[in-house]
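**Q** Take this sequence and fold it.
(2 chains)
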2 protein chains.
Amino acid sequence: MPIKTIEWIEGKVKIIDQSKLPQKLEYIYCKDVETLGEAISSLKIRGAPVIGIAAAFGVVLGIKKSSSQNYLSFQKEIEKVIDYLARSRPTAVNLFWSLKRMRNCAEKNKDKQIKEIKTILEKEALQIMEEDKRCNRQIGENGARLIEDGQTILTHCNAGTLATADYGTALGIIYRAKQKGKKVKVYVDETRPLLQGARLTTWELLREGIEVVLICDDMAGQVMQEGKINKILVGADRVAANGDVANKIGTYMLAVLAKENGIPFYVVCPFSSIDLSLPSGKEIPIEQRDSSEITTFLGKRIAPQGVKTYNPAFDVTPAMYIKGIITEKGIHQPPYEKSLQRQD
Amino acid sequence: MPIKTIEWIEGKVKIIDQSKLPQKLEYIYCKDVETLGEAISSLKIRGAPVIGIAAAFGVVLGIKKSSSQNYLSFQKEIEKVIDYLARSRPTAVNLFWSLKRMRNCAEKNKDKQIKEIKTILEKEALQIMEEDKRCNRQIGENGARLIEDGQTILTHCNAGTLATADYGTALGIIYRAKQKGKKVKVYVDETRPLLQGARLTTWELLREGIEVVLICDDMAGQVMQEGKINKILVGADRVAANGDVANKIGTYMLAVLAKENGIPFYVVCPFSSIDLSLPSGKEIPIEQRDSSEITTFLGKRIAPQGVKTYNPAFDVTPAMYIKGIITEKGIHQPPYEKSLQRQD
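**A** Here you go, the predicted structure:
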């Protein structure tokens, strides 16, 4: 039974404070949108799918105390909340997808009483969460057939339970393969600067009894060159219409090394991570984060004063390096311009 | 004036404790071979060229108190010291090259008085250090002509002043280019797990007034993809006769990414790092280091208990990715089987 990364409990969003893992399993109860927004921008909750879910609940929290008597005034409040949440992180498209869905939901019900609209929005957010759970299971099912018994997978960052409502995307495939009786071993990149691989992915894989080998990011090439890796599975924060993928910084590097070493490289995400409005990865906005993430570690300075840094949180992997994009709809293969258009 | 990484002062080896940088500039005075050997294996002093120098002084320290009256007994003592030092680190060939040179020096003078041989060995160690200094300057001269005004270089780990007796190898080229009036900017990979890039390379480049941008290792691909890098310069711990290069883990990854992005990738080292006895990189022994380097950080645990790790300190970059190997003898180009045979 996977741990619950996000829950809606008595009008509060209960989330795991992922910045404390693996030392402590602590929860944050967000009763207002500001607490939730801060949790997103400070990466206490992270991972494209679960950010989408959190944002939906954020809208519910944001309009909870609204005393608007008419839709026009209520709409203004919703837009303010959406605008606030939209500024929490720029790259993962699920955030915007989810906020848009909440906006549309309100709009569709604008003729109802404000109180009723609030209830409908709460249901919509719960629905988004439930859909993510089902979606995770389906992704796991779709991807698990690619994994052969005894294979070794390399992954980067965290595309698991902690990035979703339930089961994970890339790691969901591994969990499902294991359930089907296949033995799987996983190499995990530590994923600098914030060590989501070392802190989160190892933690959840070990909980599920999966053999894990932690490496530093600069060891991934050597591990591939030594023939230790059969497949690479990573998540995605946004996929463009041509199949270019924005994902955690370091993903592009793995994709190039995979090609060079003849290792199949797969991207795993819900279809809501696919942004058909963007023709290519060039249009995906890449979040730049603070210098201190690189120059300090656990609050201690590691680099000399005065050093500049460059700290993109994501990179873009061109579609040409990607063997397949696994979503709840199936395994999309090149040419992605065609295969991603499938709207089941 | 570069800082002195290693000095021979009144019968002691004075070294910078590089594990304390950049927070503190502290020195260790090694008066016996054990202190020096420990400093090498714990990476208080690191970098292939300076390890070679340190080992030579290590031999001098090790036989300092010898009371042998004849060469046979003295030789046994030397062999014991050499054997001890040879076990301090396995990959950098300069260590073995230097120990062999000290052995040969003793052998050549075996008919002399033991006291005299001791003095000759001390001179030989000093000679090795002086040669490294001259060699560094010549490497800088040879490489600087490749650097154009305004270019941006990416480097990994530390192949600078702190890895040599004087001026550095890869960084020596940058220092020389700057002296010649060229503006150079340097991107530095932090170089996990021990952060030689973040702690040492940034520190010495900033001291020399060079513009530095620190990145995490998993950002190097993105930085190349964005067109920010003109050339890559790295050091080497051992080069095989066919031009395969063992260097700090992560080097292979950079080489592959460089090829993919059309960026020239150069290896810079003294000719003493070239091991013509090994036909290819496959024969280079790769040091595996302790798990705690990855699972803990500044003494604090970052990964969950029970996680396995894989921690190779070096990787091997096949010669096909290397545009040139820059030594004091010039710029060796493919095919390396031929160009490395030059014995000037």
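**Q** what number of residues lie near A:P90?
**A** 18 (other Cβ atoms under 10 Å in any protein chain shown). Using the backbone N, CA and C atoms, a C-beta is placed for each residue, glycine as well.
**Q** dump the residue contacts of the residue nearest to A:S42 when sequence neighbours are not counted.
**A** Distance criterion Cβ to Cβ, 6 or more residues apart in numbering or on different chains; nearest residue to A:S42, sequence neighbours excluded, is A:S19 at 7.0 Å. By Cβ atoms under 8 Å, 6 or more residues apart in numbering or on different chains, A:S19 lies in contact with A:S42, A:L43, A:K44.
**Q** Quick one, which of these are buried?
**A** Buried subset of these (neighbour count, 16 or more other Cβ atoms under 10 Å in any protein chain shown): A:L43, A:K44.
**Q** Which member of the contacts of A:S19 is positioned nearest B:K329?
**A** Of all the contacts of A:S19, B:K329 sits closest to A:L43, with 50.2 Å by Cβ to Cβ.
**Q** So the closest one lies in a helix, does it not?
**A** No: assigned with DSSP: H, G, I helix; E, B strand; the rest coil, A:L43 falls outside any helix and is coil.
**Q** can you put the contacts of A:S19 in JSON lines and add pLDDT and distance to B:K31?
**A** Formatted as JSON lines, the contacts of A:S19 follow (pLDDT from 0 to 100; distance: Cβ to Cβ, whole Å):
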{"residue": "A:S42", "pLDDT": "94", "distance to B:K31": "50"}
{"residue": "A:L43", "pLDDT": "94", "distance to B:K31": "49"}
{"residue": "A:K44", "pLDDT": "97", "distance to B:K31": "52"}
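**Q** So which of the contacts of A:S19 is the closest to chain B?
**A** A:L43 (15.2 Å; Cβ to the nearest Cβ).
**Q** got the phi/psi numbers for the closest one?
**A** Backbone torsions for A:L43, taken as degrees, to the nearest 10, come to phi 60, psi 20.
**Q** Now for it: which residues touch it?
**A** So A:L43 contacts A:Q18, A:S19, A:L194 (Cβ under 8 Å, 6+ apart).
**Q** What about the first one, how many residues nearby?
**A** Okay, so that is A:Q18. Neighbour count for A:Q18, taken as other Cβ under 10 Å: 27.
**Q** And it, how far from chain B?
**A** To chain B, A:Q18 is 13 Å away according to Cβ to the nearest Cβ, to the nearest Å.
**Q** Show me the contact partners of the host helix or strand of A:R101.
**A** Secondary structure assignment for A:R101, by DSSP states H and E: helix A:93-108. The contact list for helix A:93-108 (Cβ under 8 Å, 6+ apart) reads A:40, A:48-49, A:51-53, A:55-56, A:59, A:74-75, A:78-79, A:82, A:85-86, A:88-89, A:117, A:120-121, A:124-125, A:128, A:237-238, A:270, A:272-275.
**Q** looking only at pLDDT, what's the mean for the following helix or strand past that helix?
**A** Per DSSP H and E, the first helix or strand lying C-terminal to helix A:93-108 is helix A:114-144. Summarised as a single mean, pLDDT over helix A:114-144 is 97.
**Q** list the helices and strands helix A:114-144 packs on?
**A** strand A:6-9, helix A:48-63, helix A:71-86, helix A:93-108, helix A:170-179, strand A:265-268, strand A:324-327, strand A:330-332 (3 or more Cβ pairs under 8 Å, 6 or more residues apart in numbering or on different chains; DSSP states H and E).
**Q** rewinding a little: of the contacts of helix A:93-108, buried ones?
**A** Using 16+ other Cβ under 10 Å, the buried ones in the contacts of helix A:93-108 are A:40, A:48-49, A:51-53, A:55-56, A:59, A:74-75, A:78, A:82, A:85, A:88-89, A:117, A:121, A:124-125, A:128, A:237-238, A:270, A:272-275.
**Q** before we move on, back to that, okay, angle between the helix holding A:R101 and helix A:71-86 too, please.
**A** Interaxial angle, helix A:93-108 versus helix A:71-86 (axes from the mean of the first three to the mean of the last three Cα atoms, to 10 degrees): 180 degrees.
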